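# build me a model:
(2 chains)
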There are 2 protein chains.
Amino acid sequence: MSAESVTRDAAGPPPVRFGRDHPLPLDCGVHLDDLTIAYQTFGRLNAERSNAVMICHALTGDQHVAGIHPVTGRPGWWDMLVGPGRLIDTNRFFVICSNVVGGCQGTTGPKEADPETGSPYGTAFPVITIADMVRAQVMLLDHLGIDQLFCVIGGSMGGMQVLQWASAYPERVFAAVPIATAARHSAQNIAFHEVGRQAIMADPDWCGGRYLQFDVKPRAGLAVARMAAHITYLSETALHRKFGRNLQDRDTVTYGFEADFQVESYLRHQGSTFVDRFDANSYLYITRAMDYFDLAAEHDGVLARAFAGTPVRFCLVSFSSDWLFPTSESKILVRALNAAAANVSFVEIQSDKGHDAFLLDEPEFHATLEGFLNGCAEQRGLPPAGGS
Amino acid sequence: MSAESVTRDAAGPPPVRFGRDHPLPLDCGVHLDDLTIAYQTFGRLNAERSNAVMICHALTGDQHVAGIHPVTGRPGWWDMLVGPGRLIDTNRFFVICSNVVGGCQGTTGPKEADPETGSPYGTAFPVITIADMVRAQVMLLDHLGIDQLFCVIGGSMGGMQVLQWASAYPERVFAAVPIATAARHSAQNIAFHEVGRQAIMADPDWCGGRYLQFDVKPRAGLAVARMAAHITYLSETALHRKFGRNLQDRDTVTYGFEADFQVESYLRHQGSTFVDRFDANSYLYITRAMDYFDLAAEHDGVLARAFAGTPVRFCLVSFSSDWLFPTSESKILVRALNAAAANVSFVEIQSDKGHDAFLLDEPEFHATLEGFLNGCAEQRGLPPAGGS
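You can find the predicted model right below:
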């Protein structure tokens, strides 16, 4: 495949299908045949194939990182950062973003047909891990004929993939930017995920995972899961500033169970719109992959060994009010990277917006990214920003 | 009723029934006729009727503060603190603890029969507030012939009741101990409650609140609500110390959706045992009462006015790792009490156990309580601890 053919057009490149001769080996021990990877690209791969930036999406994100999302009709989740002249400048970089394995935006996941039965996989889909997601991205990279990424970048679960990339494929990553993430999912985070999964599986419309065969969806369960999770993405301060105890379209409480408070109305909206764009079984699988992530575990519990001798340049970012992936988790990573004598910089951004700050307009965060990318681009011999 | 007759025997005193001639006026504008209040007492009221301690329970607590709980067979929720020779010494104090209005342990609530229909109230039960709960306790106090409480004490929602007592009935409270609480429920706390309510109401077995008529229970929904809430009662540190990423009875993950991690198994257990002892509609009503609590709102938004000229002696306690009712909420109260020239002491207990620390063995907390109670007892002319 030539570099030109993967330049993004309006519809994006067609999904890549890997046949039975090219299965994806999974951590659980089985191989996934007939793997499809849906992805988007932005910008143009240079002649040296040295300007590729892989963006890894978070739990409920997808490949539509920039431009208009075809399902929601709204800008992509990092449209603020990705585009011509933007921080991740598509005049300069060739940006790749693929939907993770287990996802629901075109890459093979539980809602796709199981070739064994012809019916949607449902819970017959094998449990996948962060390492499996990255393995699939490596297959995509091979397909695109790219040996080394200039940069791999992502927040939250995207940051877990960045860490996995840097640890498992250090020779294929020039620079890595793990944002608002951790080397392993904490007990509290597993607990919140478990609440979401139980909410989904408690919904009778989940039908033991086979809801698509019955033409229903566990809407209520998935909405509750999203509502619980959404609280963890914000900070108490952000919720207080946005909503406080303000009432919704009324002067006094109703003495009932309607959404009296704006924060209730907001959460209900978050739940109901999420259900329209996301698959409940994908939510189960992707949360499980995050829960299972523990980079040190594969290295006898010593995190530094995950990065022994790494040539990768790291820039870690955390946000001061993020209580889902607090700064302490990034510091654990920094210590391990230092112990591995890695090239690492770390910035804690002062923000009161909580975990979701990585998706929002945070000038100090963006300045940090810009400085790191420019420095690495110079090291890599890429033309400076604004150059042609 | 004589003081002797309310001395607790094994079964506890019979519930008090207030007839139609003695209705409970509610904030929502209706009156609750045929009110029953279930309560427990411990110790003996002295001749001066000056040694009564009212303990207010939290969201899922009840009147069985000490002794063996008749439903669970386990010690009462503050058995560690309440009993002969204990910190709240029943050789010294006459302890009263009643189930809140809207509760499900014998006091009138949504699971009791609506006298209008003969069927359980369900969502026909009027929405109640913290002030309503305290009004019912005042009726109980009148019934017991007690003019003034020596002390009113409680944590979390119990602390809200303590604040309401001190604000609305200052002449009937000698000392007040609001623990791990706030003068108003925060946006984040309303949000978590809303998730729980949505989980319950999404369960088809909720039946629009009329599940008792159909001889079912919204078990799954109530369990999810409890699981989500339970996470907020602990700290990340406590969860990490207790469970970390330890697996449940296995050496490796199962690559499935069973409870691989101990924290998952623990949460599921918390959910399922809660369902056995608690009514789902009571959960809706009591969480709503907490959401509605805003002591300043009744005083033109000026919290200090809620305590203007108060003679009550206050001791506020918060816990450093409590993120549900953080120390900042207690400080807001302390500032308001200072502005009202109140007699107030405040201690932040260093603890990593989160909100639930008020129910646990926290020596510094207990020493604080003990000192305050002894000092107040002396001021009140009660015999010293250990006296006969």
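
# next secondary structure after the host helix or strand of residue A:161?
Applying DSSP states H and E as the criterion places residue A:161 in helix A:157-168. Next in sequence after helix A:157-168, counting helices and strands by DSSP H and E, comes strand A:173-179.

# return the list of strands paired to that next one, each annotated with direction.
Applying DSSP bridges, strand A:173-179 is found paired with strand A:149-155 (parallel), strand A:313-319 (parallel).

# and these as a markdown table, adding distance to residue B:207?
Bear in mind the C-beta positions are built from the backbone N, C-alpha and C, glycine included. Listed next are the strands paired with strand A:173-179 as a markdown table, based on distance: least, C-beta to C-beta, whole Å:
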| stretch | distance to residue B:207 |
| --- | --- |
| strand A:149-155 | 42 |
| strand A:313-319 | 43 |
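
# out of those, deepest packed?
Comparing the strands paired with strand A:173-179 by mean neighbour count (mean count of other C-beta atoms under 10 Å in any protein chain shown), strand A:149-155 comes out on top with a mean of 28.

# now do it, average pLDDT.
In this model, strand A:149-155 has a mean pLDDT of 98.

# same question, stretch A:224-242
The average pLDDT for stretch A:224-242 rounds to 96.

# near chain B, anything from it?
Yes. Using C-beta under 8 Å from any C-beta of the partner chain, we find that stretch A:224-242 touches chain B at A:224, A:227-228, A:231, A:234, A:236, A:239-240, A:242.

# closest to residue B:254 among the residues you listed?
Taking C-beta to C-beta as the measure, residue B:254 lies nearest residue A:228 of these, at 23.7 Å.

# show me the shaky parts of chain A.
By pLDDT under 70, the weakly predicted segments of chain A are A:1-11, A:387-388.

# now the strands: where do they sit in it?
Listed in chain order, the strands of chain A (DSSP state E) span residues A:16-18, A:24-25, A:31-32, A:35-37, A:39-42, A:52-56, A:82-83, A:88-89, A:94-98, A:149-155, A:173-179, A:313-319, A:343-349.

# could you measure from residue A:40 over to residue A:84?
From residue A:40 across to residue A:84, the span is 15 Å (C-beta to C-beta, to the nearest Å).

# more neighbours, those two?
residue A:40 (24 against 11; other C-beta atoms under 10 Å in any protein chain shown).

# ok, what's across the strand from that one?
Taking DSSP bridges, one obtains residue A:97 as the residues bridged to residue A:40.

# spell out which parts of the stretch 201-350 of chain A neighbour chain B.
A:201-204, A:220-221, A:223-224, A:227-228, A:231, A:234, A:236, A:239-240, A:242-245, A:253, A:255-257, A:259-261, A:263-264, A:267-268, A:271, A:284, A:288, A:291-292, A:294, A:323, A:326.

# can I see the domain layout of chain A?
Split into domains by automatic domain parsing, chain A comes to A:4-184+A:294-380, A:189-288.

# nearest to residue B:33, out of those domains?
Closest approach to residue B:33 among the domains of chain A (C-beta to C-beta): domain A:189-288, 17.6 Å.

# my guess is residue A:178 contacts residue A:314, does it?
Yes. The pair residue A:178 / residue A:314 is scored as a contact, 7.3 Å apart, by C-beta atoms under 8 Å.

# give the residues shared as contacts by those two.
Residues touching both residue A:178 and residue A:314 by C-beta atoms under 8 Å, 6 or more residues apart in numbering or on different chains: residue A:166.

# packing partners of the lengthiest helix in chain A?
When chain A is parsed with DSSP state H, its longest helix is helix A:363-380. Helix A:363-380 sits against strand A:149-155, strand A:173-179, strand A:313-319, strand A:343-349, with contacts defined as 3 or more C-beta pairs under 8 Å, 6 or more residues apart in numbering or on different chains; DSSP states H and E.

# if we go to 10 Å?
On a contact count with 3 or more C-beta pairs under 10 Å, 6 or more residues apart in numbering or on different chains; DSSP states H and E, helix A:363-380 meets strand A:88-89, strand A:149-155, strand A:173-179, strand A:313-319, strand A:343-349.

# for the residue nearest to residue A:333 when sequence neighbours are not counted, give its distance to residue A:145.
Excluding its sequence neighbours, the residue lying closest to residue A:333 (C-beta to C-beta, 6 or more residues apart in numbering or on different chains) is residue A:183, at 5.4 Å. Residue A:183 is 31 Å from residue A:145, where distance means C-beta to C-beta.

# can you give me the helices for chain A?
Per DSSP H, chain A carries helices over the ranges A:130-143, A:157-168, A:187-202, A:219-233, A:236-242, A:262-277, A:280-292, A:327-339, A:363-380.

# in CSV: those helices, plus distance to residue A:66.
Conversion of the helices of chain A to CSV gives the following (distance: least, C-beta to C-beta, whole Å):
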stretch, distance to residue A:66
helix A:130-143, 18
helix A:157-168, 14
helix A:187-202, 28
helix A:219-233, 21
helix A:236-242, 25
helix A:262-277, 17
helix A:280-292, 21
helix A:327-339, 26
helix A:363-380, 15
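
# reformat those as JSON lines; add mean neighbour count.
Below are these laid out as JSON lines (neighbours: other C-beta atoms under 10 Å in any protein chain shown):
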{"stretch": "helix A:130-143", "mean neighbour count": "21"}
{"stretch": "helix A:157-168", "mean neighbour count": "27"}
{"stretch": "helix A:187-202", "mean neighbour count": "25"}
{"stretch": "helix A:219-233", "mean neighbour count": "25"}
{"stretch": "helix A:236-242", "mean neighbour count": "17"}
{"stretch": "helix A:262-277", "mean neighbour count": "18"}
{"stretch": "helix A:280-292", "mean neighbour count": "25"}
{"stretch": "helix A:327-339", "mean neighbour count": "18"}
{"stretch": "helix A:363-380", "mean neighbour count": "17"}
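
# so for residue A:58, which of the ones you listed sits nearest?
When the helices of chain A are compared by C-beta to C-beta, helix A:157-168 sits nearest residue A:58, at 4.8 Å.

# residues near residue A:20, how many?
When neighbours are defined as other C-beta under 10 Å, residue A:20 has 10 of them.

# who touches it in this structure?
Taking C-beta atoms under 10 Å, 6 or more residues apart in numbering or on different chains, we find residue A:20 in contact with A:31, A:33-35, A:115.

# pull out the buried members of those.
Buried members of these, scored by 16 or more other C-beta atoms under 10 Å in any protein chain shown, are A:34-35.

# related to what we said a few turns ago, now tabulate the domains of chain A in JSON lines and tack on distance to residue B:213.
Below are the domains of chain A laid out as JSON lines (distance: least, C-beta to C-beta, whole Å):
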{"stretch": "domain A:4-184+A:294-380", "distance to residue B:213": "34"}
{"stretch": "domain A:189-288", "distance to residue B:213": "19"}
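
# give the contact list for residue A:375.
A:175, A:313, A:315, A:345.

# coming back round to it: between residue A:183 and residue A:145, which one's more packed in?
Remark: of residue A:183 and residue A:145, residue A:183 carries more neighbours, 23 against 12, as counted by other C-beta under 10 Å.

# surely residue A:327 touches residue A:351?
No. Using C-beta atoms under 10 Å, residue A:327 is not in contact with residue A:351; the gap is 11.0 Å.

# and of the strands of chain A, who's closest to residue A:212?
Proximity to residue A:212 (C-beta to C-beta) singles out strand A:35-37 among the strands of chain A, at 17.0 Å.

# what's that closest one in contact with?
Applying C-beta under 10 Å, 6+ apart, the set of residues contacting strand A:35-37 is A:14-20, A:22-24, A:63, A:98-101, A:103, A:106-109, A:112, A:135-137, A:139-140, A:143.

# give the buried subset of the residues you listed as a PyMOL selection command.
To isolate the buried members of these in PyMOL, using 16+ other C-beta under 10 Å:
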select buried, chain A and resi 15+16+18+24+63+98+99+100+101+103+106+107+108+109+112+135+136+137+139+140
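
# if we can go back for a sec, a markdown table for the contacts of residue A:375, including distance to residue B:59?
Shown next, in a markdown table, are the contacts of residue A:375 (distance: C-beta to C-beta, whole Å):
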| residue | distance to residue B:59 |
| --- | --- |
| A:175 | 49 |
| A:313 | 50 |
| A:315 | 44 |
| A:345 | 45 |
